[in-house]
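# using only what follows, build the 3D model:
(one chain, ligands or ions: 2)
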Amino acid sequence: MGPTENATLTAGGVGVTQPLASTDRRAGETMKHRTRLIVLGRQGAGKGTQCARLAARLSVPHISTGDLFRAEAANGTDLGRQVAAHLDAGSLVPDAVVLDLLAARLGNTAAREAGYLLDGFPRTLAQGQALFEVLGARAADVAVELHVPTSVVLPRLAARRVCQKCGATFSVPEGAAEITRCPRCGGPVTRRSDDTDAAIARRLAAYDHESAPLLVWLDQLGLLVRVEGVGDPDEVHQRLVDTVGTRVPELDADCAPPPS
Ligand code: ADP
Ligand code: ZN
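Numbers count the residues shown, from 1 in each chain. Ligands and ions are numbered 1, 2, ... in the order given. Modelled structure (predicted):
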């Protein structure tokens, strides 16, 4: 189904304030097309780090629904409290809330024309279909699955610690001394609230059940590429650049140096 005119990206009546078809045509004619990328991957695959580097290299905004929800939860609003309950339980935030959030972020033409790297959205088939219904076939140039098996991500998630002040993440492997103060800024370092054993299990199960049909669908659209996420972060970054570069002309080897 193609985009409907005057649709906005909401769960109820998907819509836009501008007719999207003409938006896309104009973008193609008058300005350089900015990359639109979806990145998927199991929790603990290193998606956050890799997405930040890739987005910087492509000069497009890195939009992480997890980060947006954590910010909302920290606000302490009614919506924030509802979101926090889902985050802490390790369950998915309802589609209606997710789509409202994305509508706020991508609801205007300028935001869409700036391109984007979507990290953590879409995460269900319904979310993927809503995205393409609203933005049309040009909703994504490519969807990358950063693939890391469960046996590798489980110990990573158990070892993950986050600075509450600057957001830096650290790894404390089993048996190693616990980190309580951030070496960078001195802030308190804790586990993420959804990195409890029960929430980790629930999130990984959700990825397997909810994202599998989405991956099949993206593959049928010819958009899916898979990149192995096991290994040194610099090597994984290079693999991503090489693979995505075959689909996205902006990402050629000398388009921009990667941030170190
Ligand atoms: P992870 O995928 O490693 O759990 P994220 O930071 O991507 O971490 O997401 C954290 C939480 O935010 C998820 O467990 C879920 O509750 C919520 N969330 C993020 N993106 C979505 C989405 N697209 N749909 C539903 N819930 C989401
Ligand atoms: Zn810090």
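# pLDDT at A110, what is it?
Model confidence at A110, given as pLDDT, is 86.
# wait, T169
For T169, the model assigns a pLDDT of 89.
# got the contact list for it?
For T169, the contact set (CB atoms under 8 Å, 6 or more residues apart in numbering) comprises G48, T49, R160, R161, V162, C163. C-betas here are computed from N, CA, C, even on glycine.
# what do you get if the cut-off is 10 Å, keeping everything else the same?
Contact analysis of T169 by CB atoms under 10 Å, 6 or more residues apart in numbering lists G48, T49, R160, R161, V162, C163, V189, R192.
# and which of those is nearest H237?
T49 (8.7 Å; CB to CB).
# all strands for the stretch 101-250 of the chain, in order.
116-119, 142-147, 160-163, 169-171, 189-190, 224-228 (DSSP state E, counting those that start in this stretch).
# so the fourth one, near ligand 1 or not?
Okay, so that is strand 169-171. No - Strand 169-171 lies apart from ligand 1 when judged by CB under 6 Å from any ligand atom; the minimum separation is 11.1 Å.
# that strand and ligand 2 in contact?
No - counting by CB under 5 Å from the ion, ligand 2 is not contacted by strand 169-171; separation bottoms out at 9.2 Å.
# what's the burial count for the residue in the chain positioned nearest to ligand 1?
Nearest residue of the chain to ligand 1: G66, at 1.9 Å (CB to the nearest ligand atom). When neighbours are defined as other CB atoms under 10 Å, G66 has 18 of them.
# ramachandran angles for T35?
phi -60, psi 140 (degrees, to the nearest 10).
# give me the neighbour count for it.
Around T35 there are 22 residues (other CB under 10 Å).
# tabulate the strands of the stretch 101-250 of the chain (CSV), appending distance to A56.
Converted to CSV, those look like this (distance: least, CB to CB, whole Å):
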stretch, distance to A56
strand 116-119, 9
strand 142-147, 16
strand 160-163, 21
strand 169-171, 17
strand 189-190, 25
strand 224-228, 17
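# which stretch in those has the least confidence?
strand 169-171 (a mean of 90).
# what strands line up against it, and which way round?
According to DSSP bridges, strand 169-171 forms sheet pairs with strand 160-163 (antiparallel).
# now the strand it pairs with, how far from the centre of its chain.
Between the centre of strand 160-163 and the centre of its chain there are 19 Å (CA atoms, centre = their mean, to the nearest Å).
# now check that strand, is it near ligand 1?
No - judged by CB under 6 Å from any ligand atom, strand 160-163 makes no contact with ligand 1; its nearest approach is 9.2 Å.
# likewise stretch 41-54?
Yes - with CB under 6 Å from any ligand atom as the measure, stretch 41-54 is seen reaching ligand 1 through Q43.
# start and end of that stretch, how far apart?
In stretch 41-54, first residue to last residue: 15 Å (CA to CA, to the nearest Å).
# any idea how far it is from the chain center?
Stretch 41-54 has its C-alpha centroid displaced from the chain centroid by 8 Å (CA atoms, centre = their mean).
# before we move on, what about stretch 125-141?
14 Å.
# do the same with stretch 137-144
Using CA atoms, centre = their mean, the offset of stretch 137-144 from its chain centre is 13 Å.
# list, one by one, the residues from the protein near ligand 2.
When proximity is defined by CB under 5 Å from the ion, the chain lies next to ligand 2 at C163, K165, C166, A168, C182, R184, C185, G187.
# the fourth one against P188, yeah?
No - at 11.8 Å, A168 does not count as touching P188 under the criterion of CB atoms under 10 Å.
# show me which of these two is the more surrounded one.
Looking at A168 and P188 with other CB under 10 Å, you find the greater number of neighbours at A168, namely 14 against 11.
# report the contact partners of the nearest residue to that one once chain neighbours are set aside.
Leaving aside its chain neighbours, A168 sits nearest to R184 (5.3 Å; criterion: CB to CB, 6 or more residues apart in numbering). R184 makes contacts with C163, K165, C166, G167, A168, F170, as judged by CB under 10 Å, 6+ apart.
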